[in-house]
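S.K.: What follows is a predicted protein model with its sequence.
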Amino acid sequence: MSDIVELERRLTAAMDRIARGVDGIGATKTADPDEMAGLKQALEDEKLVTAQLEERIKKLHARQEDETAAIRAELETTRTAMAQLDGELQRLRKASDQLRDTVSKLREANAEGVAEPHLINKAMLAELEVLRAARAADVAEADAIIATIAPLLAEAPNEEEGEDA
């Protein structure tokens, strides 16, 4: 942004010099042809500089918009990965609670000397669900990490090429 401000300041100063020169031309009826040619050349030079500065400003704005769009896309990817991770963690907590409840009932039945096969089956199913949910949470966490690191890795070769140039 400071580049843009500096460019605008230079552009304004150049335009002021041109305006003073043009005012001076109108005030003197008998202008020196060499001076007139010099002023015209200065005017053309300033127009060229102005065009170059405007083009540079357009490029800076375009680059800024591209970077903003990339950051927004990266943020959306991260949000999606975090939402998936949160869902898997909720599933893991629920399965863990079910397992705890079933194991508690199984202990009570065992303490009473009553063997209830359906409680054993239910406990094994709950344990399997906890393992599946834990694995899904691990996968979601890995996906979230990959989603965060991928943009950084994509930029790394570009930075190395820039250093070689």
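M.R.: Structure received.
S.K.: So for Ala165, what's the pLDDT?
M.R.: Listed pLDDT for Ala165 reads 44.
S.K.: cool, Val103 as well?
M.R.: Val103 carries a pLDDT value of 80.
S.K.: ditto for the one 10 residues further on
M.R.: At Gly113, the predicted lDDT confidence score is 78.
S.K.: how would you label it: helix, strand or coil?
M.R.: Classification of Gly113 using DSSP: H, G, I helix; E, B strand; the rest coil returns coil.
S.K.: any idea how far it lies from Ala51?
M.R.: Taking Cβ to Cβ, to the nearest Å as the measure, Gly113 falls 95 Å from Ala51. From N, CA and C alone the C-beta is placed, and that goes for glycine too.
S.K.: for Thr77, same thing?
M.R.: Thr77 is 39 Å from Ala51, where distance means Cβ to Cβ.
S.K.: Name the residue in those two with the higher neighbour count.
M.R.: Thr77 (17 against 10; other Cβ atoms under 10 Å).
S.K.: Tell me who's in contact with that one.
M.R.: Thr77 makes contact with Ala147, according to Cβ atoms under 8 Å, 6 or more residues apart in numbering.
S.K.: Tell me the helices and strands packed up against the helix or strand where His118 lies.
M.R.: Assigned by DSSP states H and E, His118 belongs to helix 117-164. Packing partners of helix 117-164 (3 or more Cβ pairs under 8 Å, 6 or more residues apart in numbering; DSSP states H and E): helix 33-111.
S.K.: Mind telling me which residue is nearest the centre of the protein?
M.R.: With distances taken as Cα atoms, centre = their mean, Ile71 lies nearest the centre of the chain, 1.6 Å away.
S.K.: How about Ile120: what's its closest non-neighbour residue?
M.R.: Leu106 (6.6 Å; Cβ to Cβ, 6 or more residues apart in numbering).
S.K.: No more questions from me, cheers.
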